[in-house]
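Colleague: For reference, the sequence and a predicted model appear below.
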Amino acid sequence: MFYTVPVVGKVHWIGVNDRRKRLFENIWPMDRGVSYNSYLIADEKTALIDTIEDRVAGNYIERIEALLDGRTLDYLVINHMEPDHSGEIKAIFDHFKGVKIVGNTKTFKMVEAYWGINENLIEVNDGDTLDLGHHKLKFVMTPWVHWPETMMTYDLTEQILFSGDAFGSFGALDGGIFDDEINFNFFEDEMRRYYSNIVGKYSNMVQKAFAKLKDIPVKVVASTHGPVWRSNPQKVLDLYDRWSRYEAEEGVVIIFASMYGNTEEIADYIGRKIAEQGIKNIRIHDVSRTHISHLINEIWKYRGLVLGSCAYNSEMFPLMEQLTRELTHMGIKNKKLALFGSYSWNGGGVKNLKKFAEEAKLELVAEPAEIYGKPNADKLKQFDELAKKVAESVK
Ligand SMILES: Cc1cc2nc3c(=O)[nH]c(=O)nc-3n(C[C@H](O)[C@H](O)[C@H](O)COP(=O)(O)O)c2cc1C
């Protein structure tokens, strides 16, 4: 990357795109890349807010040097220690002699564990401020959005919220950096996928962070991934508020696990019957085909969830089990759930899907049903009622 971009006055975006990494956190597909955003405030005192991943650092330090124009770096503020943002801490610390690292007590434990740095530290607590001259920074502790040490840095002067991973998105910044420079149709899906895959399991902590931020006027949301929101920051705040309250759209995701097609036939039948009830957003996915990252994104998007599994050695199908485990772990809520399956001897699919529903405390909108052997028109009729109830529940 050979450029930096002014955000407001003395604040500069100094990020990088990563289009090479195939899996974020070595699990979530990154077909469209990701950006790591870092920010420099070149005020009377100079401050860098978060760094980037080491593997793609390239000329990061040269770009900082160019912006500093012969001055030194006074502070490095660390909002989040995940390696995609903390990767250059040691490089910055070694290069800019005397730079003070600003973080909280939990951050510093990790800074020492990662980089062996235990000097030149300025510990901040909730509400503490740092005066850079024109800019005055205030630190807001937002634990578990997305790690225990996470905090946000709020620029009181220009009302910029440096939010760390919160309000972030998958997707490289292909030229456009700001919300008014991009086509949001692309980013909305990637942003929800990022939220649901990475931050979603901490939704209650996101709501707590919102409660803390609610009286703070925000003109710019500057996250560590994806676009910088300067024209309509309220839009991204509203989206995150909705997602973290598990508010979803009218629609149904049907996900099936099938080896020989019986369960898939039931999924198709249920999809058709739901469509007959006037629901337009219906997505049918094969759990063996669609990556769990996209499944979770769709589940977050739509109110209705219909899961179907063939029986597999007295259990549900392993990949369906993986999905349900992840959903339980995430504490998924507010779903209108229905279950179906197929078996040839003692069952196992639906029985275990029911256990999942109980554990996850999800409401079943219809009695689960399963087919013995191959589906036919007669056997499939039992799903008419299930489809009707699902459709009614998501309207
Ligand atoms: C490896 C394997 C394990 C199975 N385990 C069970 C089982 O535990 N209980 C059962 O009733 N049927 C079991 N079945 C039968 C299938 O669940 C049944 O044929 C079902 O209709 C297959 O659905 P599908 O066509 O969607 O794959 C098993 C089949 C296979 C191939």
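Modeller: Structure's in. What do you need?

Colleague: From what I see, residue 320 and residue 287 are in contact.
Modeller: Yes: using Cβ atoms under 8 Å, residue 320 is in contact with residue 287, at 5.2 Å. No exception for glycine: its C-beta is placed from N, CA and C like everyone else's.

Colleague: list the residues that contact both of these two?
Modeller: Residues touching both residue 320 and residue 287 by Cβ atoms under 8 Å, 6 or more residues apart in numbering: 255, 257.

Colleague: So which bits of the protein are right by the ligand?
Modeller: With Cβ under 6 Å from any ligand atom as the criterion, the chain comes near the ligand at residues 258-264, 310-314, 342-348.

Colleague: In helices only, show me those residues.
Modeller: Applying DSSP state H to these, the entries found in helices are 262, 263, 264.

Colleague: Out of those residues, who's the most crowded?
Modeller: The most crowded member of these, judged by other Cβ atoms under 10 Å, is residue 263 (27 neighbours).

Colleague: Tell me which residues touch the spatially most central residue of the chain, please.
Modeller: In the chain, the residue lying closest to the centroid (Cα atoms, centre = their mean) is residue 195, at 2.2 Å. Neighbouring residues of residue 195 by Cβ under 8 Å, 6+ apart: 239, 240, 243, 244, 300.

Colleague: ok, the longest strand along the chain: who's next to it in the sheet?
Modeller: Counting residues, the longest strand found in the chain (DSSP state E) is strand 302-312. Strand 302-312 pairs in its sheet with strand 249-257 (parallel), strand 315-316 (antiparallel), strand 336-343 (parallel), by DSSP bridges.

Colleague: Need the winner for burial among those strands.
Modeller: Most buried of these, by mean neighbour count (mean count of other Cβ atoms under 10 Å): strand 336-343, with a mean of 26.

Colleague: Show me the contact partners of the following helix or strand past that one.
Modeller: Moving toward the C-terminus from strand 336-343, the next helix or strand (DSSP states H and E) is helix 349-360. For helix 349-360, contacts defined as Cβ under 8 Å, 6+ apart pick out 257, 263, 307-312, 315-317, 320-321, 324, 327-328, 331-332, 337, 339-343, 364, 368-370.

Colleague: so who does residue 320 touch?
Modeller: Residue 320 neighbours (Cβ under 8 Å, 6+ apart): 255, 257, 287, 307, 309, 349, 353.

Colleague: what's the nearest residue to it if we skip its chain neighbours?
Modeller: residue 257 (4.0 Å; Cβ to Cβ, 6 or more residues apart in numbering).

Colleague: The one you found touches residue 311, doesn't it?
Modeller: No: using Cβ under 8 Å, residue 257 makes no contact with residue 311, being 10.0 Å away.

Colleague: All the helices of the stretch 151-300 of the chain, in order from the start?
Modeller: Ranges of helices in the stretch 151-300 of the chain, per DSSP state H, counting those that start in this stretch, are 184-194, 203-213, 233-244, 262-276, 292-301.

Colleague: Just grab the bridge partners of the residue in the stretch 1-150 of the chain positioned nearest to the ligand for me.
Modeller: Closest residue of the stretch 1-150 of the chain to the ligand, Cβ to the nearest ligand atom: residue 29 (25.3 Å). Applying DSSP bridges to residue 29 gives these bridge partners: residue 23.

Colleague: Count the neighbours of it for me.
Modeller: By other Cβ under 10 Å, the residues close to residue 29 number 15.

Colleague: Please give me every residue in contact with it.
Modeller: Contacts of residue 29 (Cβ under 8 Å, 6+ apart): 22, 23, 291, 293, 294.

Colleague: rerun that using 10 Å as the cut-off
Modeller: 22, 23, 170, 193, 197, 291, 292, 293, 294 (Cβ atoms under 10 Å, 6 or more residues apart in numbering).

Colleague: Over to residue 245?
Modeller: Counting by Cβ under 10 Å, 6+ apart, residue 245 makes contact with 203, 204, 206, 207, 210, 333, 334.

Colleague: Can you select the buried ones among these for me in ChimeraX?
Modeller: Buried residues among the contacts of residue 245 (16 or more other Cβ atoms under 10 Å), as a ChimeraX selection:
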select :203,206,210
